[in-house]
Structure formats: structure tokens, C-alpha cells
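Engineer: next come a sequence and a model predicted from it.
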Amino acid sequence: MARVTRRKFLRVSSAGALAAKSGGIAGILATGQAPAHAQTATVHWLKWVDFVPASDQLLKRDMVPEAEKALGIKINLETINANDLQPRITAAIQSGSGADLIMAFNNWPYLYADSIVEMTEQAESVSANEGGLYKYARSLCSDGTRFMSMPWAVIGGMIAYRKSWFDEIGVTTFPETWETYREVGKKLKAKGRPIGQTLGHTFGDAPGFTYPYLWSWGGKEVEADGKTVAINSKETLQSVKFMTAFWKEAHDEGGLAWDDTNNNRAFLSQTISATLNGASIYIESQRNPDKYVTEKGTQMKTDIQHAPLPKGPAGQFGFHLLQSHMLMKYSKNQEAAKKLVAWLQTTSNYEKWFLSQKGFATPCTANWEKHKLWDEDPVMAPYKVAARLGQAPGFAGPPNAKAAEAWTKYIITDMYAKAVQGMPAEEAVKWTEDELKKVYV
């Protein structure tokens, strides 16, 4: 029998007693590693760089530290350019590691449905407390059986325009139809003040313009069955032919490949008269009133108005950027991430962020329409109901994974981009039909 020394006996006996008392933690301590339950969970939250800088400053300076203290967790908030979100999501899913909570746009959750955690309990709780989630938010974040992501906010898309420049050509109210807007645009461009619009591969302003424009003419990607591609129609062809002329006559043709920041800079530098945008141009002019002044020396913030996109033969539509948060299946901090989501969307906490947005982002529940913020600035009033009026990509079918794929490939946007660059309208529509069939059929 091996000889047992007194020192070895005491060491083993003490470890055994501690193990019996604490459920085997002594064995863990013997490895030199901290016990799992003593480690503070860290939630990695990945979101876009907000177009309202004050909101990201609020999160990083105040709300994240408050949440850490309240929840007993660590939060790593990372902000990146919105166009870089999808590559990061793809890389994270493929590697099985990355951010725990990731911001998604519109119907992206359908693309990643197999890789994300159900958020039904969290979404329905907010819905019950805040007057109900809008249909738009439900359609983009829920497949009808479960919430794939947690609705966060809707960035309304309206046309920001220079009221005095419109007044100078005798236009005192914003044009209601595309035909009228085209005539107004001709006059403005003749004075060196064109309309600014992107048709590039950028997440917000390009599809936010081309989808409603298509719908307003009666065009649609697919039929209601979500399978039969219906883009090749006389209505779509009319929209493409009209756009080709409208672009040349009224637009800054250099805007073709702009991203979602170029038109902001162009407007604030007074090189364009109107552009589809969130309210970030107006909010920036308010934030720096002495920096952004008109050619007459007045503060530009007093000369900016907002209006919805014009009507077409089939009506008036909007496609507004809905943001949600996806909790990833590979996450090892799912419970902590759920607690963070619940904390962020508690009304008293969310209101702080909402106020910092100044109306740029519209909450996804009905009660916020009654908030006093909307009474403080009538220029922001058109954004109030953006979440109520949005229509999702994939119309007339559902906003499912196929619709999301078509959107992320910019197929509809490219149809118009190809046409304004010289491709005959019929060929542009046929190309689009072929590309959509690769997705839907």
C-alpha cells in the first residue's frame, strides 16, 4: 500500500469536505479556472451606426451602463455601417460564433430562420403593454407561428425637400403624382437644383424608393401565391419607361451609385432640392443650425419639409425600414441577451432612446403615436404613422425568405438602374423576370 503522509491526507480531506459542501467546486478550483456561475455573462450586441449620433451616444454613455448594473451582465455594444451587417451575420453563422444579438432589417429574419432563437414571448409582452404591434412589424418579424426576431423600430422614408426652392418655381405644395413631380423636377434641374436619388446597392434609400414606385404603377414581384413571378407586366414596363425619362430630365444622374449617406451630404450642401430619406437630414440641420444655412443666409432647418412619395396609377405606397434584433442560436449567452432585450424595451427605458431619435425612428407599437414628441414639431408629423403604413417586399406574396433574397440581391432596384443607364425597358423587365424566377421558382 502506498504511504499516505499527514500533509497529503489533510489536503485530500479538505478538498473532499469542500466538494461535499459546494457541489464539487473544489475540483473546478483545482484547475485554476473560475466556476461557471461566478463568471459574468457578456452579451455582444451588434447594430448599425445610427443616423442620429445622439442615440448611439446615449446607449454607450448611459443606457448600457444602466443595463449592466440592473441586470448584472456585461454588454459589448458594437456599431458598424449598416451595409456591413449582412456579411457579418453570414460569417457568424458559418463559423458558429459572433455577436449574440444582431440588428436585422425588414424581412432578413426569414433568411436566417434556422439560425435564430424564437422571441415570441418578448414580442407579445411588448405588444400587450403598448397597444399592440403593427401588422407591418408582425409580418416582417413573425412567420405566423413564432417571432423570429424582436421588433425594434421603423425608420420612415419620406421626401425631404427645400420649400423655398419649390416656392420659387410656383409650387407651394408637394406634388401628389409622379407626372407632376417629373414636371417640377425638370424646372428644378434647369435651375441647377435636381432631385437626388440613389439606385445603388444600399440597404435603405434605394429599395425604399424603387419598391413603392413599382407598386404605385401596379407592378408586383409575384402573385399572392408567392410563387408565380408577375413582374413582366404592362404596368411594370410603364413604370420603367417613365423612370428612364424622369431620371434624365429631373435627377442628379451622378446619384446612381450613392449609398445612404451621399444624398444627406448632397442635400445639406445644397446640390439637390429633394431626396427620399429618413428624417436624419432635418435632424442634422437642427443639431448644427449655424453650420447649415441657405444661400440667403438663413438656417436651413427652417426651409425643410417632408412629404410621402407621390401617387401612381395604382395608388400611393411606402416601404419603410423596419429594424429588429435577432438572437443567434450559437450564442452561449441567450438568457442574458433575452434579459437585455426585455430591459431595453421596457417602456421607461425605451422612451429615453425614442426621445433621442426626435422622430427619426418610429416604435413598432401603437401607443407611441400618442406621445407628446409628435406635437412639438409639425415638420416631423409625416413620420408619425410610418410603421402603420408600410408594405413589405414580396408583394403581392408574403415577405418570406424568397422575398428577402430578392430584396438583398437588389433585383427590383437593378431593373431601374439598368434602364436609366441605357438598357431598353423591355430588356430590363425581362432580365428582372429571369432573376426573380431564379429565386421564386
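Structural biologist: That came through fine. Owing to the predicted nature of the structure, the values given are computational and were not obtained by experimental measurement.
Engineer: show me what contacts the closest residue to residue 405 other than its chain neighbours?
Structural biologist: Nearest-residue entry for residue 405: residue 439, 5.2 Å, with adjacent residues in sequence omitted and distances by CB to CB, 6 or more residues apart in numbering. For every residue, glycine as well, the C-beta is placed using N, CA and C. Under the criterion of CB atoms under 8 Å, 6 or more residues apart in numbering, the neighbours of residue 439 are 402, 405, 406, 409, 411.
Engineer: burial of residue 433, as a residue count?
Structural biologist: Around residue 433 sit 18 other residues, with neighbours defined as other CB atoms under 10 Å.
Engineer: also residue 393?
Structural biologist: For residue 393, the neighbour count with other CB under 10 Å is 22.
Engineer: can you pull the pLDDT of it?
Structural biologist: Confidence at residue 393, expressed as pLDDT, is 94.
Engineer: on that earlier part again, quick one: which of the contacts of residue 439 is most hemmed in?
Structural biologist: In terms of neighbour count, residue 406 stands highest of the contacts of residue 439 at 25 neighbours, by other CB under 10 Å.
Engineer: what residue ranges in the stretch 1-150 of the chain score low on pLDDT?
Structural biologist: 1-38 (pLDDT under 70).
Engineer: how about the helices in it?
Structural biologist: Remark: helices assigned in the stretch 1-150 of the chain by DSSP state H, counting those that start in this stretch are 6-22, 25-30, 53-58, 64-71, 85-95, 108-111, 120-129, 135-141.
Engineer: residues in contact with residue 196?
Structural biologist: When contacts are taken as CB under 8 Å, 6+ apart, residue 196 is in contact with 251, 252, 255, 258, 263, 266, 267, 271, 272, 273, 274, 275.
Engineer: TSV for those, including secondary structure, distance to residue 429 and pLDDT?
Structural biologist: Formatted as TSV, these follow (DSSP: H, G, I helix; E, B strand; the rest coil; distance: CB to CB, whole Å; pLDDT from 0 to 100):
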residue	secondary structure	distance to residue 429	pLDDT
251	strand	20	98
252	coil	25	98
255	helix	22	93
258	coil	24	96
263	helix	26	97
266	helix	29	98
267	helix	31	98
271	coil	32	98
272	coil	28	98
273	coil	30	98
274	strand	27	98
275	strand	26	98
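Engineer: can you tell me which of those is nearest residue 302?
Structural biologist: Residue 302 has its nearest neighbour among the contacts of residue 196 in residue 267, at 14.7 Å by CB to CB.
Engineer: hang on, that closest one packs against residue 281?
Structural biologist: Yes. Counting by CB atoms under 8 Å, residue 267 sits close enough to residue 281 to count as a contact (5.2 Å).
Engineer: overlap in contacts of those two?
Structural biologist: Shared contacts of residue 267 and residue 281, defined by CB under 8 Å, 6+ apart, comprise 160, 275.
Engineer: what number of residues lie near residue 236?
Structural biologist: In terms of burial, residue 236 registers 24 neighbours under the definition other CB under 10 Å.
Engineer: meant to ask about residue 228
Structural biologist: 14.
Engineer: which residues sit in contact with it?
Structural biologist: Residues near residue 228 by CB under 8 Å, 6+ apart: 222, 440.
Engineer: just the pLDDT at it, thanks.
Structural biologist: At residue 228, the predicted lDDT confidence score is 97.
Engineer: just the one 4 residues further on next, same as before
Structural biologist: Confidence per residue is given as pLDDT, and for residue 232 that number is 98.
Engineer: ends of stretch 166-179, what's the gap?
Structural biologist: The first residue of stretch 166-179 is 16 Å away from its last residue (CA to CA, to the nearest Å).
Engineer: what about the residue nearest to residue 405, distance to residue 298?
Structural biologist: 49 Å (CB to CB, to the nearest Å).
Engineer: ok, residue 88 next?
Structural biologist: Distance from residue 88 to residue 298, by CB to CB: 43 Å.
Engineer: neighbour-wise, which of those two wins?
Structural biologist: Neighbour comparison, residue 88 and residue 298: the larger count goes to residue 88, with 15 against 12 (by other CB under 10 Å).
Engineer: so who does that one touch?
Structural biologist: With contact taken as CB under 8 Å, 6+ apart, residue 88 is in contact with 46, 80, 98, 99, 102.
Engineer: one more time with 7 Å
Structural biologist: Taking CB atoms under 7 Å, 6 or more residues apart in numbering as the criterion, residue 88 is in contact with 46, 80, 98.
Engineer: next, count neighbours for the second one.
Structural biologist: I take that to be residue 80. Using other CB under 10 Å, residue 80 has 15 neighbouring residues.
Engineer: that one touches residue 45, doesn't it?
Structural biologist: No. Assessed by CB atoms under 7 Å, residue 80 is found out of contact with residue 45, at 11.6 Å.
Engineer: elements contacting the one helix or strand residue 284 maps to?
Structural biologist: Residue 284 belongs to helix 280-287 when assigned by DSSP states H and E. Using 3 or more CB pairs under 7 Å, 6 or more residues apart in numbering; DSSP states H and E as the contact definition, the elements that helix 280-287 packs against are helix 262-268, strand 304-307.
Engineer: which one of the ones you listed lies closest to residue 178?
Structural biologist: Each of these was scored for nearness to residue 178 using CB to CB, and the closest is strand 304-307 (13.1 Å).
Engineer: what lines up beside the closest one in the sheet?
Structural biologist: strand 158-162 (antiparallel) (DSSP bridges).
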